[in-house]
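fold the stuff below for me.
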Amino acid sequence: MMNTIQRMLFVHSYLFSLRHEVEQMEFMGTSAEKRDLFTPSLKDVATELNNRLTLYFKTVDVDVVECPDLHQPPYCFAARGLCGQPMLVEVGGPTYLIPKVDRSKVYDFRDIQRVLNINPCYFMGAGAGPFPYTEVNCEGIYNVMIDGSVVKQRSKISKINVNNGTSEQQDLPNTETRFALLANLFVSQGLPGEVLKIHVKERIGCHDFIASIRNCLKDAYSTAVVGLGGVFLMKSGTFRQHVMPDFATDEIKSEEQLNGWLRFYNMSAPLVAVGTLVTGDMDLDLRLQHFHSSSDHNEAGHYHNDITPETVEYLAYFNIANSVVRIDKPKDSHDMGRD
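Coordinates of the predicted model:
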């Protein structure tokens, strides 16, 4: 673990470098910008989280381990691991969904791979689903590996059954590589290697699992922006999640209207969630956390929090991102739809 002086020097060096390390990129005629993130060691982050997460959970165990084989259950992902050029990628944003949907905002993972110039390129994370394919607005739980011309798709969507109001999960085929409106993605080469293992039980704080981690990292590294991405398993408990219905016919102009439009459900463990978190927005209008989950029992959606703090158990495998790439940042922004 770094001592206080070492951390101050490391943070100061990182903050100074931000004045120079900005890479402008081009993506399908829209803006794209790449910036470095602060990258403490896995060991240092593990030590900080071990010490600080005890404010939020009764049982805490954080370590640096070899990533489990994510091909295997309960994950069944498109790649084995979370290593190899790890980065965060944010595309679009809530402004393209609310107050009024912009149906022109449809993206393709293959185009993003070309811009990032990574091969193989493994995407995992949370976003809006490919409505041109599903013919309805939906949640996207993304997990797709692109290696040359070969696509291995393990993504799912969650949508509302209009007949009975329940949510239902659906797999996406290898031929469907689009998503719409917004996405928060952890990108790597999907290689094995060392990652953070975060195992907690019995929530004693008021914040959700991801916000608790963000708060700890913010306290540890101050203004230096740290980003993580990967997967967490909701091993036990019940969880409040939402699923978007079809696009609203009227403009959504307030958080109250937004929550009235969304459909909220209590979903049961086990659930497997993928997404990203970051401790600051770096003037890039970044979404600070965004995770979507899926299951083997047809429940899937956007993670908010557990509603059974006494019995909840989370197990996460995260890697530290080296950089963040911001693609098609909206010109105008708002704070709605970021929970």
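
the stretch 1-150 of the chain: helices as residue ranges?
Secondary structure of the stretch 1-150 of the chain (DSSP state H, counting those that start in this stretch): helices at 4-17, 42-52, 109-116, 131-134.

strands along the stretch 1-150 of the chain, start to end?
Using DSSP state E, counting those that start in this stretch, the strands of the stretch 1-150 of the chain run over residues 22-27, 30-36, 57-66, 87-92, 106-108, 121-128, 139-147, 150-153.

so for the shortest one, mean pLDDT?
Same thing as strand 106-108. The average pLDDT within strand 106-108 is 97.

what lines up beside it in the sheet?
If you go by DSSP bridges, strand 106-108 pairs up with strand 178-188 (antiparallel).

got the angle for the strand it pairs with vs strand 87-92?
Here strand 178-188 points in a direction 160 degrees away from that of strand 87-92 (axes from the mean of the first three to the mean of the last three C-alpha atoms, to 10 degrees).

please save the CA atoms from strand 178-188 in PDB.
Provided in PDB are the C-alpha atoms of strand 178-188 (Å, rounded to 0.1, in the frame of the first residue of the first chain):
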ATOM      1  CA  ARG A 178     -26.300  -2.600 -32.200                       C
ATOM      2  CA  PHE A 179     -27.300  -0.700 -29.200                       C
ATOM      3  CA  ALA A 180     -29.100   2.600 -28.800                       C
ATOM      4  CA  LEU A 181     -29.100   6.000 -27.100                       C
ATOM      5  CA  LEU A 182     -26.600   5.400 -24.300                       C
ATOM      6  CA  ALA A 183     -24.100   2.800 -22.900                       C
ATOM      7  CA  ASN A 184     -21.500   2.500 -20.200                       C
ATOM      8  CA  LEU A 185     -19.000  -0.100 -21.200                       C
ATOM      9  CA  PHE A 186     -15.900  -1.800 -19.700                       C
ATOM     10  CA  VAL A 187     -13.700  -2.700 -22.600                       C
ATOM     11  CA  SER A 188     -10.700  -5.100 -22.600                       C
END
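
helix 109-116 and that strand, what's the angle between them?
40 degrees.

so what's the gap between strand 178-188 and the chain middle?
9 Å (C-alpha atoms, centre = their mean, to the nearest Å).

I'd like the next helix or strand past that strand.
As assigned by DSSP states H and E, the chain's next helix or strand after strand 178-188 is strand 194-203.

worst average pLDDT in the helices of the stretch 1-150 of the chain?
Across these, helix 4-17 gives the lowest mean pLDDT, at a mean of 55.

the nearest residue to H71 once chain neighbours are set aside: neighbour count?
Distance criterion C-beta to C-beta, 6 or more residues apart in numbering; nearest residue to H71, sequence neighbours excluded, is R80 at 5.5 Å. Glycine gets a C-beta too; all of them are placed from N, C-alpha and C. R80 has 19 neighbours, counted by other C-beta atoms under 10 Å.

over to the one 5 residues further on?
Q85: 16 surrounding residues under other C-beta under 10 Å.

and it, what does it touch?
By C-beta atoms under 8 Å, 6 or more residues apart in numbering, the contact list for Q85 reads 118, 187-189, 322.

pLDDT wise, what is it at?
We have a pLDDT of 98 for Q85.

ok so, going back, how far away is the residue nearest to H71 from I252?
As for R80, its distance to I252 is 40 Å (criterion: C-beta to C-beta, to the nearest Å).
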